[in-house]
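Peer 1: Sequence and predicted structure below; questions after.
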Amino acid sequence: MRPTSLEEFSGQRHFLGSDQLLTRMLAADRLTSVLFWGPPGTGKTALSGIIAGHTGCHFVQANAALVGVKDIRQILQDARSRVETGGGRTILFLDEIHRFARNQQDVLLADVEAGLITLIGATTENPFFTVNSALISRSTLFQFEPLGEEDIHRILTRAMTHERGFGGMELEISAEAIEHWVRISDGDARRALNAMEVAVCSQLDGEATSQPRICIDLETAEQSIQAKALRYDRDGDGHYDHASALIKSIRGSDPDAAVYWLACMLSSGEDPRFICRRLAILASEDIGLASPQALQMAAAAWTVTERVGMPECQLTLSELAIYLATCPKSNATAQAIWTAMADVRDGRTVPVPRFLRDSHYAGADAIEHGTDYRNPHADADAGTQDYLGVDRTYYEPTDQGFESKVARRMPRDSAGEESTHA
């Protein structure tokens, strides 16, 4: 059921829709080297086949896991010979390009840059982590997204009646069975079609000369497909994407999303201590003094997680994620240190005022270290002292949660306004 034309191809309308970039490139027959990046079953290999039929170029397909540098050099040599003899350009579709080591990828650079070969590299891994930057810069990147439920439904319906599918059979599949495959396949067309094939073929009688009408109900559909394993590489893209989703959901005060992404990470074998570390940072960075208890909660959760481990610590982490998501948010304390650190790095250093310098040694008075310092415990107006020496504000409290009370306690100058000094 692999599509043979753009009309049959489902999904990826963000670059294959009307007047979108790849559509225009194909219509003008001006395809440059491209990288197809996305999860399995979203059409990367299928689209490369369509491109092969759409262009007038010689098409070569290889899998990076099965070919070596010697094979690639031969393909490149053949491509040069083809150009020299007027045989036209060559398109090389290299599946799983991330399986090529960096030095193997370098073999492609010169010919790709010279235009002797057009590369279509397909990968399920983030190319910015796995593909040479030089190769990326010479290619156009297209990111494939999981197919929508309507796309999967359309693909399955076509497979029931198309001659390349089960069109020659008496086949009846319940709407509930189709919907189950659509939902469980999770945007993976290959997985949905495999499930349909398993369900149908498991009811065929290999010895019968004619096959009776085959009926697929929900129970059969459920047996034909297993729950999809989460795509999560603890050292790669999935690791960082899920951590980002967790942090941004908490920052956005969405406890339901936070718990879901937490569940994904824990179910995929993520180290709970990594999650604790990220949430402790969030408690300071995104909540701060709007809810000072957040940092205490994060520290306590980290301790409990270290002591009890999985699976019990999932309860503690759930409690922490929900608490942090429902806290008032402020990054004022984070902004304060970021701005101050930037000033120090940029050379905006300020000498310590004499009255603030250490005076706990003999001779300090002679050089006026500590002279004129007013202790706030003894002098109610000590708060008006200029402790920095320059007019610079780093901490600007918000009106969120406890920080609104902090703002009311900030030092004020003689005019009754908030002091502009840190």
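Peer 2: Happy to help now that I have it.

Peer 1: Going by C-alpha atoms from here, please, whenever you check contacts or count neighbours.
Peer 2: Noted.

Peer 1: low-confidence ranges in the stretch 301-422 of the chain?
Peer 2: For the stretch 301-422 of the chain, applying pLDDT under 70 flags the ranges 383, 411-422.

Peer 1: neighbours around the residue nearest to residue 11 when sequence neighbours are not counted, how many?
Peer 2: Excluding the flanking residues, the one nearest residue 11 by Cα to Cα, 6 or more residues apart in numbering is residue 147, at 5.6 Å. Under the neighbour criterion other Cα atoms under 10 Å, residue 147 is assigned a count of 22.

Peer 1: Could you do residue 299 as well?
Peer 2: Using other Cα under 10 Å, residue 299 has 18 other residues around it.

Peer 1: Would you check how far apart it and residue 278 are?
Peer 2: As for residue 299, its distance to residue 278 is 11 Å (criterion: Cα to Cα, to the nearest Å).

Peer 1: same thing with residue 74?
Peer 2: Per Cα to Cα, residue 74 is found 48 Å from residue 278.

Peer 1: quick one: which of the two has more around it?
Peer 2: residue 278 (16 against 11).

Peer 1: Please, which helix or strand holds that one?
Peer 2: According to DSSP states H and E, residue 278 maps onto helix 272-282.

Peer 1: In terms of secondary structure, what does that helix contact?
Peer 2: Applying 3 or more Cα pairs under 8 Å, 6 or more residues apart in numbering; DSSP states H and E, we find helix 272-282 packed against helix 237-251, helix 293-308, helix 313-326.

Peer 1: make it 7 Å
Peer 2: Using 3 or more Cα pairs under 7 Å, 6 or more residues apart in numbering; DSSP states H and E as the contact test, the elements touching helix 272-282 are helix 293-308.

Peer 1: Going along the chain, name the helices of the stretch 101-250 of the chain.
Peer 2: Using DSSP state H, counting those that start in this stretch, the helices assigned to the stretch 101-250 of the chain run over residues 102-114, 127-130, 133-137, 149-161, 175-185, 189-201, 218-224, 237-251.

Peer 1: Which of those helices sits closest to residue 395?
Peer 2: Across the helices of the stretch 101-250 of the chain, the minimum distance to residue 395, taken as Cα to Cα, is reached by helix 237-251, at 20.0 Å.

Peer 1: List the buried residues in the closest one.
Peer 2: In terms of neighbour count (16 or more other Cα atoms under 10 Å), helix 237-251 has its buried residues at 237, 238, 239, 242, 243, 245, 246, 247, 248, 249, 250, 251.

Peer 1: Show the contacting residues for the residue nearest to residue 11.
Peer 2: 11, 42, 187, 188 (Cα atoms under 7 Å, 6 or more residues apart in numbering).

Peer 1: what's the nearest residue to the last one if we skip its chain neighbours?
Peer 2: With sequence-adjacent residues excluded and distances taken as Cα to Cα, 6+ apart, residue 188 is closest to residue 41, at 4.4 Å.

Peer 1: if I pick the one you found, what's in contact with it?
Peer 2: By Cα under 7 Å, 6+ apart, the contact list for residue 41 reads 188, 189, 190, 191.

Peer 1: How about residue 148?
Peer 2: Neighbours of residue 148 in contact, by Cα under 7 Å, 6+ apart: residue 187.

Peer 1: how far away is it from residue 12?
Peer 2: For residue 148, the distance to residue 12 equals 9 Å [Cα to Cα].

Peer 1: repeat for residue 241
Peer 2: Distance of residue 241 to residue 12, computed by Cα to Cα: 20 Å.

Peer 1: just residue 397 next, same as before
Peer 2: Look at residue 397 and residue 12: by Cα to Cα, they are 45 Å apart.

Peer 1: Give me the more crowded residue out of the two.
Peer 2: Neighbours per residue (other Cα under 10 Å) separate residue 397 from residue 12, with residue 397 holding more: 21 against 18.

Peer 1: quick one, domains of the chain?
Peer 2: 13-143, 149-224, 237-326, 342-408 (automatic domain parsing).

Peer 1: got JSON lines for these, with distance to residue 332 too?
Peer 2: Below are the domains of the chain laid out as JSON lines (distance: least, Cα to Cα, whole Å):
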{"stretch": "domain 13-143", "distance to residue 332": "33"}
{"stretch": "domain 149-224", "distance to residue 332": "40"}
{"stretch": "domain 237-326", "distance to residue 332": "7"}
{"stretch": "domain 342-408", "distance to residue 332": "6"}
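
Peer 1: Of these, flag the one that's most buried.
Peer 2: The highest average neighbour count among these, using mean count of other Cα atoms under 10 Å, belongs to domain 237-326 at a mean of 19.

Peer 1: from the middle of its chain, how far away would that domain be?
Peer 2: Centroid displacement of domain 237-326 relative to its chain, using Cα atoms, centre = their mean, to the nearest Å, is 17 Å.

Peer 1: gap between the residue positioned nearest the centre of the chain and residue 14?
Peer 2: Among the residues of the chain, the one closest to the centroid is residue 241, at 3.1 Å (Cα atoms, centre = their mean). Using Cα to Cα, we find residue 241 at a distance of 21 Å from residue 14.

Peer 1: Now the helices of the stretch 101-250 of the chain in CSV, please, with extra columns for mean pLDDT and distance to residue 90.
Peer 2: Listed next are the helices of the stretch 101-250 of the chain as CSV, based on pLDDT from 0 to 100; distance: least, Cα to Cα, whole Å:
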stretch, mean pLDDT, distance to residue 90
helix 102-114, 86, 11
helix 127-130, 86, 23
helix 133-137, 90, 17
helix 149-161, 93, 31
helix 175-185, 90, 35
helix 189-201, 92, 28
helix 218-224, 89, 41
helix 237-251, 89, 32
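
Peer 1: Dump the ones you listed to TSV, plus distance to residue 62.
Peer 2: As requested, those are exported to TSV (distance: least, Cα to Cα, whole Å):
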stretch	distance to residue 62
helix 102-114	13
helix 127-130	18
helix 133-137	17
helix 149-161	26
helix 175-185	27
helix 189-201	20
helix 218-224	31
helix 237-251	24
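
Peer 1: who wins for proximity to residue 5 among these?
Peer 2: Of the helices of the stretch 101-250 of the chain, nearest to residue 5 by Cα to Cα is helix 149-161, at 13.8 Å.

Peer 1: So which elements touch the closest one?
Peer 2: Under the contact definition 3+ Cα pairs under 7 Å, 6+ apart, helix 149-161 sits against helix 175-185.

Peer 1: one more time with 10 Å
Peer 2: If contacts are counted by 3 or more Cα pairs under 10 Å, 6 or more residues apart in numbering; DSSP states H and E, helix 149-161 sits against strand 171-173, helix 175-185, helix 189-201.

Peer 1: Any chance of CSV for these, columns distance to residue 122?
Peer 2: Formatted as CSV, these follow (distance: least, Cα to Cα, whole Å):
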stretch, distance to residue 122
strand 171-173, 34
helix 175-185, 21
helix 189-201, 16
